[in-house]
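J.: Sequence first, predicted model second:
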Amino acid sequence: MKRAPFLLLALAALLAASAGYGQPLSPGGGPTLGWLPLDFTELNGHLAQAGLPELGPGLGLSGASYFGERQGRLAIGGLAAYGVAEATRLDKSVKLALQLTGLALEYGEEARPPLGQFGLFVGGLIAPASLSLRVTFHPAEDFGAGLERPSGTGLSREFLALAAYAGGEWALDIGRLRLSLGYLWAGATTNWKADGRDFPGPVESFRGPLVQLTFVFGLTNSLARPLGLKP
């Protein structure tokens with residue numbers, strides 16, 4: 001069920017794409033790749049004390065973005081993203097997963113000649129987010145062994161994330177390409193949870209630069225003509 005927001009946003013992005021014609025900052029949506037260089041120093045200290053492998057810096061994000069029709073120069077958008085940082089040593093592994101799904105408000109500057117196929121934008125994002133930490137010892141060899149001798153511990157914690165960003169968008173023959181740079185901050189709204197119990201612990205907040213690359217699908221003039229549609 002945790003993946004449902006991602007599926008819904010991806011569907012909305014595909015539906016919105018049918019209304020786009022490759023113009024900068026027009027409605028649409030598509031896949032997003034990102035990088036969030038987080039500092040896991042505090043968490044790694046606890047992992048090292050437990051004899052566990054330490055996580056490397058940062059994590060990659062993948063997901064989907066949506067951008068609605070602009071009212072004046074403002075538009076409402078959305079982002080659903082998921083990222084994982086992992087570390088393994090011998091028979092021990094650590095996996096930290098970040099998931100966020102939220103709404104964005106953007107201001108887009110109208111493209112002007114000679115940059116008619118290029119648009120600039122700034123925006124802000126608010127998103128509920130969650131971190132899940134999974135530690136595994138001696139991975140189970142089969143399903144039965146996994147039930148008889150549990151080999152892992154799972155913890156999760158909820159956050160509220162805020163981000164501000166700015167970037168540019170280029171119109172291409174088959175869609176649009178967006179590149180943005182921003183800064184994300186997230187504060188915990190719960191303790192770590194496992195089996196219905198709360199545990200205080202590290203990573204009460206995290207922050208860092210956020211780089212995003214998005215391809216927005218749309219119907220350009222070259223695609224509209226064979227389909228019998230008006231650009």
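T.: Yes, it's here.

J.: Identify each buried residue in stretch 51-70, please.
T.: By 16 or more other Cβ atoms under 10 Å, the buried positions in stretch 51-70 come out as 52-53, 55, 58-59, 61, 63-68, 70. From N, CA and C alone the C-beta is placed, and that goes for glycine too.

J.: Name the helix or strand for the residue nearest to F215 when sequence neighbours are not counted, please.
T.: Nearest residue to F215 in three dimensions, chain neighbours excluded: G30, at 4.8 Å (Cβ to Cβ, 6 or more residues apart in numbering). Under DSSP states H and E, the secondary-structure element containing G30 is strand 28-36.

J.: Can you list the strands that that strand pairs with?
T.: Within its sheet, and counting by DSSP bridges, strand 28-36 is paired with strand 59-67 (antiparallel), strand 205-217 (antiparallel).

J.: C-terminal to it, what's the next element?
T.: According to DSSP H and E, the helix or strand after strand 28-36 is helix 41-49.

J.: what is the orientation angle of that following helix with strand 205-217?
T.: Interaxial angle, helix 41-49 versus strand 205-217 (axes from the mean of the first three to the mean of the last three Cα atoms, to 10 degrees): 110 degrees.

J.: Any idea how far helix 41-49 is from the middle of the chain?
T.: 25 Å (Cα atoms, centre = their mean, to the nearest Å).

J.: picking up where we left off before, return the set of residues that bridge with the residue nearest to F215.
T.: Going by DSSP bridges, G30 forms beta bridges with S65.

J.: shouldn't it be in contact with Q212?
T.: No. If you go by Cβ atoms under 8 Å, G30 and Q212 don't touch, sitting 11.8 Å apart.

J.: separation between L177 and T101?
T.: Separation of L177 from T101 (Cβ to Cβ, to the nearest Å) stands at 23 Å.

J.: nearest to T136, of the strands paired with strand 28-36?
T.: Of all these, the one in closest proximity to T136, counting by Cβ to Cβ, is strand 59-67 (18.1 Å).

J.: what comes into contact with that closest one?
T.: 6, 9-10, 12-13, 16, 25, 27-36, 38, 75, 77-85, 96, 98, 106, 178, 212, 214, 216 (Cβ atoms under 8 Å, 6 or more residues apart in numbering).

J.: next helix or strand past that strand?
T.: Trace forward from strand 59-67 with DSSP H and E and the next one is strand 74-89.

J.: other SSEs contacting that following strand?
T.: On a contact count with 3 or more Cβ pairs under 8 Å, 6 or more residues apart in numbering; DSSP states H and E, strand 74-89 meets helix 4-17, strand 28-36, strand 59-67, strand 92-109, strand 118-137.

J.: How far does it sit from its chain's centre?
T.: Relative to the centre of its chain, strand 74-89 is centred 2 Å away, using Cα atoms, centre = their mean.
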